[in-house]
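# Coordinates only, no sequence provided:
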C-alpha cells in the first residue's frame, strides 16, 4: 500500500507540471493536445504489442471500444485544459481541476449506479463555495481570470468522465492494454477536430509552424512527464487503489501547481486562493469520508 501511495504522489506531481509546459509553449492549444496524446501512445505502443501477445485471448476490437469514450474525453480535456490554463494562474487552474473528487460521486452514480448521500451533497456545496470565492476575487482583481477559470471548470468535467471510465475498465488484465489505445484515440480524435476546424475555416493551424527546438523540447517534456509518467501512474493507481483514495491524493496537485507557478512563472497566488483551497479541500474530505463505505463494498 505504501508503495502504491508513494507512486501515486509521484504521478500527481508529474501531472501538475503540465500547466508549466503549456503556459511556456506557444504551440496552438488544440494542436499541443493532439501532439501530447498521440506521441504518448506511439511511444508506449511496443508495450501494447508485448501485452497483446501475452494475453492472446483479449479481443483487440473490444479493447479499442472500451478505450473509445475515455480516450475522446481525455483528448478534449487536454485541448480545453490547454486553453484554460493559459488564461488563469497555474495555482487557480490546478485548484479547479482538483475539484475532481467533488463531482466524481455523481458520475459514479450516472455511469456505475453508485448512490450518493446527503453528506456528499453538503461536501459538494462547500467546495463549490470555494470556487465562488476564487471566481469573485479573480473578477475583482483580473477579469481575464474569470474566463480561464470557467474553461478549466469545463475541462474538469471532461477529466472526471475520463477518470470514472478508468475505474470502470480496471478489469482489463494489463495497464498497457488500456492506456495505449486510450492515448492513441485521444490524440487521433484531437487531430481530427483540428483537421475539421481547418477545413471549415474555424481554425487556421499549421502543424509545422511550431518547429523550433524550444517548442519541440516543451512538447517532449509535456509528453513524457505529465502524460507518459503522470497519467499512466494515475491509471495504474485506479487499478490498485480505491477510486476515492486516488481522488483525495490528486488534491495535492494544486499545491504543486502553485509552487511551480511561483518558481517558473513568477505567479504569486492571491489571498483568495488559500481561502478557496481550504473550502475545496474540506468539501472534498466530506465527500470522500462519506463515499468510502460504498466504494469499499464495490471494490
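Great, that's in hand. Everything quoted here is computed from the prediction, not taken from an experiment.
# got the phi/psi numbers for residue 59?
Note on residue 59: its backbone torsions stand at phi -80, psi 120 [degrees, to the nearest 10].
# Ok, residue 213 next?
The phi/psi pair for residue 213 (degrees, to the nearest 10) is phi -60, psi -40.
# For the stretch 1-150 of the chain, give me the ranges with low pLDDT.
Scanning the stretch 1-150 of the chain for pLDDT under 70 picks out 1, 88-128, 130-149.
# residues near residue 216, how many?
Applying other CB atoms under 10 Å, we find 13 residues neighbouring residue 216. Placement of C-beta: from N, CA and C, glycine included.
# so what pLDDT did it get?
Residue 216 is assigned a pLDDT of 91 by the prediction.
# which residues are contacting the helix or strand harbouring it?
Here residue 216, judged by DSSP states H and E, is contained in helix 213-222. Contact with helix 213-222 is made by 17-18, 21-22, 24-27, 32, 35-36, 39, as judged by CB atoms under 8 Å, 6 or more residues apart in numbering.
# try stretch 183-193
With CB under 8 Å, 6+ apart, stretch 183-193 has contacts from 30, 33-42, 44-45, 64, 67-68, 71-72, 74-76, 78-79, 227, 231.
# And those residues, which of them are buried?
30, 33-41, 44, 67, 71-72, 74-76, 78-79, 227, 231 (16 or more other CB atoms under 10 Å).
# out of the residues you listed, which are inside strands?
Residues of these located in strands (DSSP state E): none.
# From the residues you listed, which land in helices?
30, 33-41, 44, 67, 71-72, 74-76, 78-79 (DSSP state H).
# ok, and for the helix holding residue 216, which residues are buried?
Buried residues in helix 213-222, defined by neighbour count with 16+ other CB under 10 Å: 215, 218-219, 221-222.
# ditto for stretch 6-21
For stretch 6-21, by 16+ other CB under 10 Å, it's 8, 11-21.
# can you check stretch 159-177 too?
Buried residues in stretch 159-177 (16+ other CB under 10 Å): 159-169, 172, 174-177.
# for it, how far is the first residue from the last?
20 Å (CA to CA, to the nearest Å).
# Could you number the chain from 48 rather than 1 from now on?
Sure thing, new numbering starts at 48, so read that last one as stretch 206-224.
# and it, what's its mean pLDDT?
pLDDT averaged over stretch 206-224 gives 85.
# ok, of the buried residues of helix 260-269, which one's closest to residue 202?
Lowest distance from residue 202 to the buried residues of helix 260-269 (CB to CB) belongs to residue 269, with 15.4 Å.
# That closest one and residue 278, how far apart?
11 Å (CB to CB, to the nearest Å).
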